[in-house]
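Undergrad: Return a 3D structure for these sequence lines:
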Amino acid sequence: MAIGILFINSSVSTLHSVPPCIRHVTEFPATLQRQGWVAFKKSKTLGCSAARCSATAVAESDERLADVERDDSLAADDVDKCSNSGQSDGGRLRWDMLLSTEALGEAHLLRAGSVTDAHVLRRKGRLKEQDGLIEFIISMHRTHSPFQVMEKMERWVREHFEDPKRSTLSRLIPSIGCFHTPLPLVRALQEYDDFALLSRRKFVPPNFAEIRHVLNIAQVHVIGEQVSLITFDADGTLYADGHHIQGDNKMIGHIVKLMQHGAHVAIVTAAGYPGNTLKFENRITGLLEGFKVLGLPPSITKFFHVMGGECNYLLKVDSNYHLEFVEDKLWKSEDMFLWKEQDIQKLLDDAECALRSASARLHLPVEIVRKPRAVGAIPKEPTIYEVLEEMTLTVQMQLVDAMLPFCAFNGGTDVFVDIGTLLLSSEHGISLWDLEH
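TA: Modelled structure (predicted):
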C-alpha cells in the first residue's frame, strides 16, 4: 500500500531528507487542496545546522545558478548589491529595549526573543525562518520574474525527484534533501498570485512566507487525495511552547475530520514521560475531551496516536478516551532494541557536559534536567533565541561522533537532547499503522 506522509511543524529550515508537510488543514480532502498550507520541517538529526545563511553562501549560490543558466543558454544580469550603514534612533531604542530585562518582561517576550527587531522578536527570530531551497528561490527573483522562477523550479524539482544525485538542484543547493512528488509550482503561483499580486509587484520581491505558501499549495495539490499519515509537532505548532491543547483549539475539528476520512494523525513531541500517560494526556486534554464529547467510536480513534520523546514512546486512545502505551515490540525496529543502556547513558553524559560548557561560555545560568532518554538545559534567567540556538549547535557539533542517533533542539525556552530522531518516529510508527491495515 502506498502511503502519503505529511509532517507538520512551525519550524522551517534546510530540507534534510524529511518530506513536506501540511501546516494548516480545513476540509479533507476536497478543500484540503485549496486551503491547506504545507511547510518543510527541520530535520532534528545528527549534525543538522539551523543557521547556514551567510554572505559567502549567497555568493556561492549565485555562482552555481549562473553556471546552470549558461547550461540552459539563458542570460542572467548581474545585480548590484547595496548595503545600509549607520544606526537610526529607532534602532538605538530597540537595542536599549533588548538590553533591558524589564522591557523584555513588559513586552511579554521572555526567552523567545530575537535580536532583529520587535516584530521578529515575537515570532522567535530570523533563525526560525531559514531554508536553503526557499532562500535560493528568493534570490532567483533578482534576475527572473515570479513565473519564470516557478517554471524553472518546477522543471528542476521534477528532475531532482527522478534523479536526486545528478540533478540541477543538487548542484545549486547541496544541502537539499529529497522530493517525494513533483510540484505543480506554476499552478500554485497562479492561485496565490490572485490575492498576493506577486507578478504585478515591481519593487517588492516575494518574501520567505510567500514562497513557502506557494510550495505549500503545490504540495497539497499533489498529495491531498492520497495522504494516509499526517504528523503534527506539538509545542509551537498545535499550541504555544509550554502550553497544551484547550477545548477551543480550532485544530480539534480539523484533526477529527482527517481521522473520519481514514487518515492517521499523530502528534510527535519531544516531551517524554516514561510510564506516565497522565502527563501526555495533560498536553492534549482538549483534544481527548473533544473525542469524548463527539462520541468517536474505536473505528475512528484508532487513527490517532502520540509519539513522545521523539521516537521512544508510542501511545494510542483507549475505549475511555484516555491514552495508553503501545507495546514496544509492536512498533520499534530491531535497531532500536539493540541500543545498549550504557551507550544511552554515555551519550546523555556527554550531552550534559556539552550543555554545561556552552551555558558557562555564554554566561547563562541553567538548570539541568535529566530523564531516562533525554537531558536538557532550562535557563534560570531571560535570554534570547539565538543564545539557545548557539547551545543547540554546540551540542550537535560536540556529539558528532556519537554511537547512537540523537537530536539536539532549541525549544524556544530550553535546549534538549533526546535519544533517537523524529525520522525514526515516523518510519517505525508507520510500521504499526501498516499492520493495522
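Undergrad: Surely Val369 is in contact with Gly376?
TA: Yes. In this structure, Val369 is within contact of Gly376 by C-beta atoms under 8 Å, at 4.6 Å. C-beta coordinates here come from the backbone N, C-alpha and C atoms, glycine included.
Undergrad: which residues do those two both contact?
TA: Any residue near both Val369 and Gly376 by C-beta atoms under 8 Å, 6 or more residues apart in numbering counts here, and that gives Phe416.
Undergrad: The two: which is more packed in?
TA: Between Val369 and Gly376, counting by other C-beta atoms under 10 Å, Gly376 is the more crowded of the two (22 against 14).
Undergrad: who touches the more buried one in this structure?
TA: Neighbouring residues of Gly376 by C-beta under 8 Å, 6+ apart: 355, 368-369, 411, 414-417.
Undergrad: run the last query once more with 6 Å
TA: Counting by C-beta atoms under 6 Å, 6 or more residues apart in numbering, Gly376 touches 369, 414, 416.
Undergrad: would you list every one of the strands in the stretch 251-400 of the chain?
TA: 264-268, 304-308, 313-317, 323-325, 366-371, 374-379 (DSSP state E, counting those that start in this stretch).
Undergrad: Return the list of strands paired to the second one, each annotated with direction.
TA: It refers to strand 304-308. Strand 304-308 has its sheet partners listed here by DSSP bridges as strand 264-268 (parallel), strand 313-317 (antiparallel).
Undergrad: just curious, which of the contacts of Gly376 is nearest to Leu323?
TA: Comparing the contacts of Gly376 against Leu323 with C-beta to C-beta places Phe416 closest, at 21.4 Å.
Undergrad: returning to that earlier point: most tightly surrounded among the strands paired with strand 304-308?
TA: Comparing the strands paired with strand 304-308 by mean neighbour count (mean count of other C-beta atoms under 10 Å), strand 264-268 ranks first with a mean of 23.
Undergrad: Extract the CA atoms of that one and return them as PDB.
TA: What follows is strand 264-268, C-alpha atoms only, in PDB (Å, rounded to 0.1, in the frame of the first residue of the first chain):
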ATOM      1  CA  HIS A 264      -3.800   8.600  10.500                       C
ATOM      2  CA  VAL A 265      -3.000  11.600  12.700                       C
ATOM      3  CA  ALA A 266       0.000  11.600  15.100                       C
ATOM      4  CA  ILE A 267       1.300  14.200  17.400                       C
ATOM      5  CA  VAL A 268       5.000  13.900  17.600                       C
END
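Undergrad: quick one: average pLDDT of stretch 380-389?
TA: In this model, stretch 380-389 carries a mean pLDDT of 92.
Undergrad: One more: stretch 293-309?
TA: 92.
Undergrad: Okay, now that stretch: how far is its last residue from its first?
TA: For stretch 293-309, the first-to-last residue distance is 29 Å (C-alpha to C-alpha, to the nearest Å).
Undergrad: Could you list the residues in contact with that stretch?
TA: Outside stretch 293-309, the residues that touch it by C-beta under 6 Å, 6+ apart are 259, 264-269, 271-272, 280, 291, 314-317, 373, 418, 425, 429.
Undergrad: SS state for Phe136?
TA: helix (DSSP: H, G, I helix; E, B strand; the rest coil).
Undergrad: I figured it was touching Ile173, is that so?
TA: Yes. Taking contacts as C-beta atoms under 6 Å, Phe136 lies within contact range of Ile173: 5.4 Å.
Undergrad: In the stretch 301-437 of the chain, where is pLDDT below threshold?
TA: For the stretch 301-437 of the chain, the stretches with pLDDT under 70 are 425-437.
Undergrad: rerun at 50
TA: When residues are selected by pLDDT under 50, those of the stretch 301-437 of the chain lie in 435, 437.
Undergrad: again, but for the stretch 1-150 of the chain
TA: When residues are selected by pLDDT under 50, those of the stretch 1-150 of the chain lie in 1-3, 10-58, 73-125.
Undergrad: mind redoing it with 80?
TA: 1-130 (pLDDT under 80).
Undergrad: Contact partners for Gly272?
TA: When contacts are counted by C-beta under 6 Å, 6+ apart, Gly272 touches 308-309, 312, 371, 374.
Undergrad: got CSV for those, with distance to Leu338 too?
TA: Output for these, formatted as CSV (distance: C-beta to C-beta, whole Å):
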residue, distance to Leu338
Gly308, 21
Gly309, 18
Asn312, 15
Lys371, 21
Ala374, 19
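Undergrad: Among the residues you listed, which one has the most neighbours?
TA: That'd be Gly308 among the contacts of Gly272, by other C-beta under 10 Å, with 28 neighbours.
Undergrad: Apart from its chain neighbours, what residue comes closest to that one?
TA: Nearest residue to Gly308 in three dimensions, chain neighbours excluded: Gly272, at 4.9 Å (C-beta to C-beta, 6 or more residues apart in numbering).
Undergrad: what's the distance between the one you found and Asn312?
TA: When distance is defined by C-beta to C-beta, to the nearest Å, Gly272 is 6 Å away from Asn312.
Undergrad: Tell me where the stretch 101-250 of the chain has helices.
TA: 101-106, 118-121, 132-140, 146-162, 168-172, 185-196, 208-223 (DSSP state H, counting those that start in this stretch).
Undergrad: Quick one, which of the ones you listed gets closest to His363.
TA: Comparing the helices of the stretch 101-250 of the chain by C-beta to C-beta, helix 101-106 comes nearest, at 14.0 Å.
Undergrad: Cys178: neighbouring residues, count only.
TA: Burial of Cys178 is recorded as 13 neighbouring residues (other C-beta under 10 Å).
Undergrad: Quick check: it touching Glu162?
TA: No. The criterion here is C-beta under 6 Å, and Cys178 misses it with Glu162 at 11.0 Å.
Undergrad: For stretch 339-358, which outside residues touch it?
TA: The contact list for stretch 339-358, computed with C-beta under 6 Å, 6+ apart, reads 375, 377, 391, 394-395, 398, 402-404, 417, 419.
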